[in-house]
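> Below is the sequence, then the predicted model.
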Amino acid sequence: MHLPPEVESVTKAFLDAADEHAPGLVEGLYLHGSLGFGEYIPGSSDVDFVAVLACRPDEPQLAGLAAAHDLVRTTFTEPRFEGVHLVRRDLAGPPTRCPDVPCAFEGEFRPAGRFSVNPVTWHELAWHGITVRGQDLAEMVWTDPAALRSFTQDNLTDYWSPIAGTLRSAPPEAITTDDVTWCVLGVSRLHHLLARGSMTSKSGAGRHALAAFGPRWRPIVSEALRAREHPDQPSSYAGDLVGRGRDTAAFMTVAIEAGMACGL
């Protein structure tokens, strides 16, 4: 896959800096997330990565990784470069067996954490990963579709359901455009996996929701897609923030219930 120029620049800057500050440590660099589905929206998409290391990093090597991420963060205001640093054997088994590992998240390098250490990352790498450096991972990464479905259902219950509850009790006009995009496309992405058995991007999830949930919900799904893909275009909810907020909370409830029903 031909990477967008800004993605090439960010990944090259990281690899060059890592090779300088921690020579020989980063053996592989792989991208997942929306890029793996052929979707990249400048100003919106992140660069989600998994770096495969030659060994568990010692203190000097951790400092080298931190320096590489500092350079990327200070050189590029976007896209955000976020992910984890593993060794190859971590990917050969379920994420539950992976220890805490170095992470880069929200502009901060953390020597140990579990950001994106989950079945979604493993399956995106195996099924849709992009190799920037290193050998192909497709046949080396653990996959278990049943475990992925179980994780997705748990995510609907433990993460998204409380958010839906918060939105239902919030003043509808306080629900922001970012809330609409994150929540509507987020739950649609999980519904797509549970209903179709395959993964998709955020925009792909929105297109799935347009077909799956019928005319009642097309305005709010279209609004989420507009805000993600064409934020400069006018909103169909202009002047009706209350209606937009109510539709966001109501759609989340419907989509979560439909996703859970797919597992019954």
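Thanks, I have it. This one's a predicted model, so the numbers in the text were calculated from it and none came from an experiment.
> Not counting its neighbours along the chain, what's nearest the residue most central in space within the chain?
Nearest to the mean C-alpha position of the chain, by CA atoms, centre = their mean, lies residue 33 at 5.0 Å. Nearest non-adjacent residue to residue 33, counting by CB to CB, 6 or more residues apart in numbering: residue 48, 3.5 Å away. C-beta here means a position set from N, CA and C on the backbone, and glycine is covered the same way.
> Residue 163 too?
residue 183 (6.5 Å).
> which ones are touching the residue nearest to residue 33?
With contact taken as CB atoms under 8 Å, 6 or more residues apart in numbering, residue 48 is in contact with 31, 32, 33, 34, 35, 82, 83, 116, 121.
> Check the spacing between residue 116 and residue 52 real quick.
14 Å (CB to CB, to the nearest Å).
> what does residue 194 give?
30 Å.
> returning to that earlier point: can you tell me how far the residue nearest to residue 163 is from residue 211?
19 Å.
> cool, and residue 98?
36 Å.
> How about residue 57?
46 Å.
> Ok, residue 156 next?
Using CB to CB, residue 156 is found at 20 Å from residue 211.
> Looking at those two, which one has more neighbours?
residue 156 (24 against 9; other CB atoms under 10 Å).
> What confidence value was assigned to the residue nearest to residue 163?
Note for residue 183: predicted pLDDT of 98.
> How about residue 44?
pLDDT, residue 44: 84.
> Also residue 139?
pLDDT, read off for residue 139, is 80.
> What helix or strand is the residue nearest to residue 33 located in?
Using DSSP states H and E, residue 48 sits within strand 47-53.
> Please identify the pairing partners of that strand and their relative orientation?
Partners of strand 47-53 in the sheet, by DSSP bridges, are strand 26-32 (antiparallel), strand 81-87 (parallel).
> any idea how far that strand is from the chain center?
Computed by CA atoms, centre = their mean, to the nearest Å, the chain-centroid distance of strand 47-53 equals 13 Å.
> Would you map the helices across this protein?
Using DSSP state H, the helices of the chain run over residues 5-21, 59-75, 88-91, 119-128, 145-155, 161-169, 177-196, 202-212, 218-229, 241-261.
> who does the third one touch, helix- and strand-wise?
So the one you mean is helix 88-91. strand 47-53 (3 or more CB pairs under 8 Å, 6 or more residues apart in numbering; DSSP states H and E).
> Low-confidence ranges, the stretch 151-264 of the chain, go.
Applying pLDDT under 70 to the stretch 151-264 of the chain flags residues 263-264.
> show me what contacts the closest residue to residue 243 other than its chain neighbours?
Nearest residue to residue 243 in three dimensions, chain neighbours excluded: residue 237, at 6.1 Å (CB to CB, 6+ apart). If you count contacts by CB under 8 Å, 6+ apart, residue 237 has them with 219, 223, 243, 244.
> Buried residues of stretch 205-218, list them for me.
Going by neighbour count (16 or more other CB atoms under 10 Å), the buried part of stretch 205-218 is 205, 206, 208, 209, 210, 212, 213, 217.
> just stretch 196-203 next, same as before
Under 16+ other CB under 10 Å, the buried positions of stretch 196-203 are 199, 200, 201, 202, 203.
> what does it rub up against?
So stretch 196-203 is in contact with 33-34, 37-39, 41, 120, 123-124, 127-128, 145, 181, 185-186, 189, 192-193, 208, 225, 228-229, going by CB under 8 Å, 6+ apart.
> Are any of those residues buried, and if so which?
33-34, 37, 39, 41, 120, 123-124, 127-128, 181, 185-186, 189, 192-193, 208, 225, 228.
> The closest residue in space to residue 130 that isn't next to it in sequence and residue 83: what is the separation?
Once flanking residues are discounted, residue 130 sits nearest to residue 31: 4.2 Å by CB to CB, 6+ apart. Relative to residue 83, residue 31 is positioned 8 Å away (CB to CB).
> One more: residue 150?
Taken as CB to CB, the span from residue 150 to residue 83 is 24 Å.
> Thank you, goodbye.
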